[in-house]
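Undergrad: Could you look at this predicted model? Sequence included:
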Amino acid sequence: MRLSPTDSPIPNTRSTTRSATPIRPYLSIALFALVLAASTGFLLRFGLGWGMPAWAANYTAIRHAHSHLMYFGWATLALMALIWHFLSGYTGRGLPRGVHWQMGITAVLALLSFPAFWVNGYGLTQIGSASLPLGAMISTLNGLTWFHFAWLYRRVSRMLTHRSLPVQLWDWAILLLLLSSGGALGLVGMVVTGAQSPFLQQTFLHLFLDLFAVGWFTLALLGLLWAWLGQRVELPRRLPILPLALAMTPTFFLGMSPALVAPPLFWMVAAANGLASLLLFWHLAELLRRWDHLPWLARFGVGMLAVHGLMGLVVLWPGVWAWSGGTQLRVYFLHNLLLGWMSSLLLALILDQLRLGKIQWVRWLGWAWIVGVGFMLLTLLGLGLLQFVPISTLWLLRAAAWSSLVPVVVAAGVWLLSLRSDQAGSSTRLD
Ligand code: HEM
């Protein structure tokens, strides 16, 4: 097993460098995307509890608008902005002008995904005399911006004489991002060619949805967390990176319907998934040693990553995965990873980046997030385990709907604060 040595101590990007590319505007746009996508999530949850309003009748299309804006506009944009920020700390140089274009185009196309999916999802939309697959078109364009990002990242990071632990995590995160984009392209190809294979459709969908989340989001975020911690404490001498990336790669098959995955394939993938969980626990054990340096919001996110790792081990129990395919556990699983782990930690890093983390009432916003998201995840878990939980489905659906208002309000509060700090910092170069 190859393990990765790290540079230590990691340079402090706050004090040592000045990047020519301000990242705050992109963080503000990402936060705006979070507010809009979370409000749409609230609308969907409201629809599940009380029925969708007449002006938002196409539930599936709106679910696509929600998930794609979360993926492209919130998570991907914020991760890219923070990677650029920390990377310029490692190179000790400003970022090339091209980064500004790349981030601008990525932001615009990510925001456009929302209206493109809202009307018909991946279906065709009549515009004048043409029937256009707007969702598929905008996904393709978004995919091109990830290749642009990867190319620029390679150019900038090539000047590093040693690839430290966070940089190695980003290297693999970006490789998995490119691999998962093959799934998005495959889906587009199926729409364009009218291909009907359910196996291919599910393979492409989950290669994109799941590898994007498990591979790109998780590795990129771990890299950011270690880079952030590296400014405060010494980093571990060794951590598993390549084995973690390789073990994560095939796990997207577990997102598919059990009816489409043959038992030998399942066991291979479940073993890889179990290994990925153990390697994640290695990272978690090292994070535990540095627990005191993490703000509460980050601790909550790391806790949800531990729950994700535990689920990877539970799936190894014979029959559990096939049984879970007939439940709502997938929604819980996705949101534990995407909202509980990823969004909580991203928010904690952004608050720190915007210098908001020390304000008392912003801390209260953080606590509101922890309580609201924690409760929402519990209700989703309850909905997944309905057959064992003595609580009515309607009660759980409505409790999930009310609790989903909390992340909307917290995200709106942080977004408004980010605009204020944008104005305050607009005349200066940003670090
Ligand atoms: C802010 C709080 C959130 C709420 C209230 C929310 C709500 C929802 C709802 C109601 C669904 C549909 C579930 C169903 O049909 O049974 C859903 C699906 C989904 N959400 Fe969220 N969500 C939130 C956060 C997130 C985040 C942060 C992400 C990703 C970064 C995300 C990604 C997804 C994905 C990928 C799906 C599945 C889409 C599909 O299968 O087509 N959600 N969400």
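TA: Alright, I've got the coordinates. None of the values given here were measured: they were computed from a predicted structure.
Undergrad: The helix or strand hosting G301 - contacts with which helices or strands?
TA: Here G301, judged by DSSP states H and E, is contained in helix 296-314. Where contact means 3 or more Cβ pairs under 8 Å, 6 or more residues apart in numbering; DSSP states H and E, helix 296-314 is packed against helix 218-230, helix 263-289, helix 344-353, helix 360-384. C-betas here are computed from N, CA, C, even on glycine.
Undergrad: Show residues contacting that helix.
TA: Residues from elsewhere that reach helix 296-314 (Cβ atoms under 8 Å, 6 or more residues apart in numbering): 218, 225, 251, 273-274, 276-278, 280-281, 284, 287, 291, 294, 320, 333, 336-337, 340-345, 347-349, 351, 363, 366-367, 369-370, 373-374, 377.
Undergrad: distance between it and the chain's centre?
TA: 14 Å (Cα atoms, centre = their mean, to the nearest Å).
Undergrad: re earlier: just put the helices and strands packed on helix 296-314 in CSV and tack on mean neighbour count, distance to the ligand and mean pLDDT.
TA: CSV is the format used below for those (neighbours: other Cβ atoms under 10 Å; distance: least, Cβ to the nearest ligand atom, whole Å; pLDDT from 0 to 100):
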stretch, mean neighbour count, distance to the ligand, mean pLDDT
helix 218-230, 24, 11, 98
helix 263-289, 17, 18, 97
helix 344-353, 24, 9, 96
helix 360-384, 18, 7, 95
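Undergrad: Please tabulate the ones you listed in TSV, including the columns distance to P53.
TA: Below are the helices and strands packed on helix 296-314 laid out as TSV (distance: least, Cβ to Cβ, whole Å):
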stretch	distance to P53
helix 218-230	35
helix 263-289	39
helix 344-353	29
helix 360-384	21
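Undergrad: and the longest helix for the protein?
TA: Ranked by residue count under DSSP state H, the longest helix found in the chain is helix 165-193.
Undergrad: about what we covered before: after the helix holding G301, which helix or strand is next?
TA: helix 320-324.
Undergrad: other SSEs contacting the helix or strand following that following helix?
TA: Downstream of helix 320-324, the next assigned helix or strand under DSSP H and E is helix 329-335. Contact analysis of helix 329-335 by 3+ Cβ pairs under 8 Å, 6+ apart lists helix 360-384 as its packing neighbours.
Undergrad: list the helices and strands the helix it packs on packs on?
TA: Using 3+ Cβ pairs under 8 Å, 6+ apart, helix 360-384 sits against helix 296-314, helix 329-335, helix 344-353, helix 393-403, helix 405-425.
Undergrad: what's in contact with stretch 120-137?
TA: Contacts for stretch 120-137 (Cβ under 8 Å, 6+ apart): 58, 60-61, 63-65, 68, 113, 116-117, 119, 187-188, 191-192.
Undergrad: Confirm for me that A213 is in contact with H335.
TA: No: taking contacts as Cβ atoms under 8 Å, A213 lies outside contact range of H335: 10.6 Å.
Undergrad: need the residues of the stretch 1-150 of the chain near the ligand, please.
TA: 38, 41-42, 44-45, 63-64, 66-67, 70-71, 74-75 (Cβ under 6 Å from any ligand atom).
Undergrad: quick one: which of those residues sit in strands?
TA: Nothing among those maps onto strands, per DSSP state E.
Undergrad: So which of those residues is the closest to A30?
TA: Nearest to A30 among these is W74, at 5.5 Å by Cβ to Cβ.
Undergrad: got the contact list for that closest one?
TA: Counting by Cβ under 8 Å, 6+ apart, W74 has contacts 30-31, 33-34, 37, 343, 346.
Undergrad: okay, among these, which ones form the most distant pair?
TA: A37 and L346 (13.0 Å).
Undergrad: In this protein, what residue lies closest to the ligand?
TA: G41 (2.6 Å; Cβ to the nearest ligand atom).
Undergrad: Excluding chain neighbours, what is closest to that residue?
TA: H66 (5.3 Å; Cβ to Cβ, 6 or more residues apart in numbering).
Undergrad: Thank you, goodbye.
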